[in-house]
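**Q** sequence and computational prediction follow.
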Amino acid sequence: MSDTVLVGQIEHETNTFSAFETGMEEFADASLHYGDAVVSDLAGTNTAVGGFLRIADSEDWDVVPTVAADATPGGPVTPEAREALLDEVLAGIERSDPDGVLLALHGAMVSRSEEPRSSENGTDTESDSVADGDGYILERVRAAVGDDVPVMASLDLHANVSDRMATHADGLFGYDTYPHVDIGDTGETAARAMAATLRGDIDPTVVVERAPLLPPLPELRTELDPMRSLLDAAGEAESDSLPDVSVFGGFAHADVDHAGFSVVGVADASVADDARDTCRSLADEAYARRHEFDRDYTSVEDAAARAAAWDGDDPLLLADIADNPGGGSAQDGTELLAALLDTGVEDAAVATIYDPEAVVAAIGAGVGGTVSVSLGGRSGENGDPLDVTGEVRLLSDGDYRNYGPMSTGLDVSFGRTARLDIDGIDVLVGSHRQQPYDPEAFRSQGITPERANVLVLKSTVHYRAAFEPLVDEVCEVATPGLCTPDLSAFAYEHVPRPIYPLDPDAAT
Ligand SMILES: [Zn+2]
């Protein structure tokens, strides 16, 4: 008889410094699918659920699809959204009495209790049982299925893995890449471990070892050391009895008491001690090599000067690494655009500035019309608005599908979008916060990115997967924004201390 496996996705990477609340509307704006649509919309995509479904097919499982939800990173998930999404999973468990549960989680979701505690900067989540949103979800799911039904979850490489998550899961599986081009593969790895568990081939347990490290986002690129060699060593340690070893960089912009670097193994109980030793030695190596995480970045002024002088065959790509909505930044910073305009750069294309009010003004002017707006800067997190006048070149619904290596086949959207020509620079202005990591972000708006002289992307690392082949050079620009690698910009209250780089000598 076929096994019944419940499938669900509740993903959010929460930047606790963000003022953007994450409710059901934000999930609906990004990616939200219920019931059978979980299968019809996500089968064949490079997503964790897509990976689950591929193995479900080959194992001939009876799949119980419940909900698949993923919102653009931002502030904490509201209690209403958290409970509504979790209720879909719990109702599926009640209805189907599954043999196993496969969840796609992020691992850095932070939520609030019903009655938020007052706090000046919104980070006072320490005593809140839902501050560890993923641990909370796994605990509730565990309570619903009991101890005998395996519960496994895929996690993002940026997961802040808590003991609670490890306690309530039989398997936690992280992406091995950043840019995350192996999300579907990770879903498959989790589902294969589920299949081995259901067959009785393994009796899985989760081991977690930590390092006092909180690497800024750009330092976790997996083509560079130390992540590259740590991941290689993790892969070499894997075996039938230790089907997965994950290196989690953590998410430095979630100020929670379980934030930071960890190495996690999913091991048969018989080899759990050896697995723990393996994870411990990788965590120790990561700490010993902490200075290898350090990077240098280009100032906004230097980036603008390089752009003005650029004469390559292919574009110069300026990465607005700090104002990345994919890590919870507001996506409304204009400092880099202002510097390009000041230096007279033309033939550039910018994706994407979040400013719904400017889009409304552009719609009012119509295609071919001229619009004068104070662009961006409305969040107050990234500097002031920029007064600009531009010609409206295109208006659209902002919808597009990723065809690049990351989240391939997934439909995403900038919401209603205006393309403005501002002194020769094509500026995309959107109504939803959405990281532009796929060339379709430009192509869907009538821009051929490889033909521009200069490209500007509000993305920290993910753009590299699809854009590096299209450009001559990449420049990581030290813009303002909530994804800045300069962690001294944040008033941390909860992350465990000491931790590197906040504390230069964090040795334990
Ligand atoms: Zn990530």
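**A** Thanks, I have it.
**Q** isn't Lys198 right next to Asp3, touching?
**A** Careful, residue 198 is Leu; it's not Lys. Yes - counting by Cβ atoms under 8 Å, Asp3 is a contact partner of Leu198 at 5.0 Å. From N, CA and C alone the C-beta is placed, and that goes for glycine too.
**Q** may I see the buried residues of stretch 234-243?
**A** 234, 237-238, 241-243 (16 or more other Cβ atoms under 10 Å).
**Q** which one of those residues is nearest the ion?
**A** Ala234 (16.8 Å; Cβ to the ion).
**Q** any idea which helix or strand carries the closest one?
**A** helix 227-237 (DSSP states H and E).
**Q** same for that helix, what does it pack against?
**A** strand 244-248, strand 261-268, helix 272-288 (3 or more Cβ pairs under 8 Å, 6 or more residues apart in numbering; DSSP states H and E).
**Q** rerun at 7 Å
**A** Contacts defined by 3 or more Cβ pairs under 7 Å, 6 or more residues apart in numbering; DSSP states H and E place helix 227-237 against strand 244-248, helix 272-288.
**Q** pLDDT wise, what is Asp124 at?
**A** The model reports Asp124 with a pLDDT of 46.
**Q** hmm, stretch 157-176 in reach of the ion?
**A** Yes - applying Cβ under 5 Å from the ion, one finds that stretch 157-176 is in contact with the ion at His158.
**Q** could you give the mean pLDDT of that stretch?
**A** Computed over stretch 157-176, the average pLDDT equals 98.
**Q** could you give the number of residues near Ala143?
**A** With neighbours defined by other Cβ atoms under 10 Å, the count for Ala143 comes to 10.
**Q** please begin residue numbering at 227 from this point
**A** Let's use 227 as the start, then, which means that last one is Ala369.
**Q** ok, now which ones touch Tyr718?
**A** 481, 728 (Cβ atoms under 7 Å, 6 or more residues apart in numbering).
**Q** give me that answer again for 6 Å
**A** Each residue near Tyr718 by Cβ atoms under 6 Å, 6 or more residues apart in numbering is listed here: Asp481.
**Q** before we move on, what about Ala588?
**A** By Cβ under 6 Å, 6+ apart, the neighbours of Ala588 are 597, 618, 644.
**Q** mind putting those residues in a markdown table, pLDDT and neighbour count included?
**A** Below are those laid out as a markdown table (pLDDT from 0 to 100; neighbours: other Cβ atoms under 10 Å):
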| residue | pLDDT | neighbour count |
| --- | --- | --- |
| Val597 | 98 | 23 |
| Val618 | 98 | 21 |
| Ala644 | 98 | 30 |
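**Q** is it true that Ile725 touches Leu440?
**A** Yes - look at Ile725 against Leu440 with Cβ atoms under 6 Å: they come within range, at 4.9 Å.
**Q** returning to that earlier point: shared neighbours, Leu424 and Asp229?
**A** Common neighbours of Leu424 and Asp229 (Cβ under 6 Å, 6+ apart) are Asp325.
**Q** which helices and strands does the strand ranked longest in the chain pack with?
**A** In the chain, assigned by DSSP state E, the strand with the most residues is strand 612-622. Judged by 3 or more Cβ pairs under 6 Å, 6 or more residues apart in numbering; DSSP states H and E, strand 612-622 is in contact with helix 582-591, strand 596-601, strand 643-648.
**Q** between it and strand 643-648, what angle do the directions make?
**A** Interaxial angle, strand 612-622 versus strand 643-648 (axes from the mean of the first three to the mean of the last three Cα atoms, to 10 degrees): 130 degrees.
**Q** next SSE after strand 612-622?
**A** Later in the chain than strand 612-622, the nearest helix or strand by DSSP H and E is strand 625-627.
**Q** got the buried residues for that following strand?
**A** Tyr626.
**Q** list the neighbouring strands of it plus their orientation.
**A** Paired strands of strand 625-627, with direction, are strand 637-639 (antiparallel) (DSSP bridges).
**Q** now do the residue of the stretch 627-734 of the chain found nearest the ion against Pro405, distance only.
**A** Of the stretch 627-734 of the chain, the residue with the smallest distance to the ion, taken as Cβ to the ion, is His688 at 8.1 Å. Distance check for His688 against Pro405: by Cβ to Cβ, to the nearest Å, it reads 5 Å.
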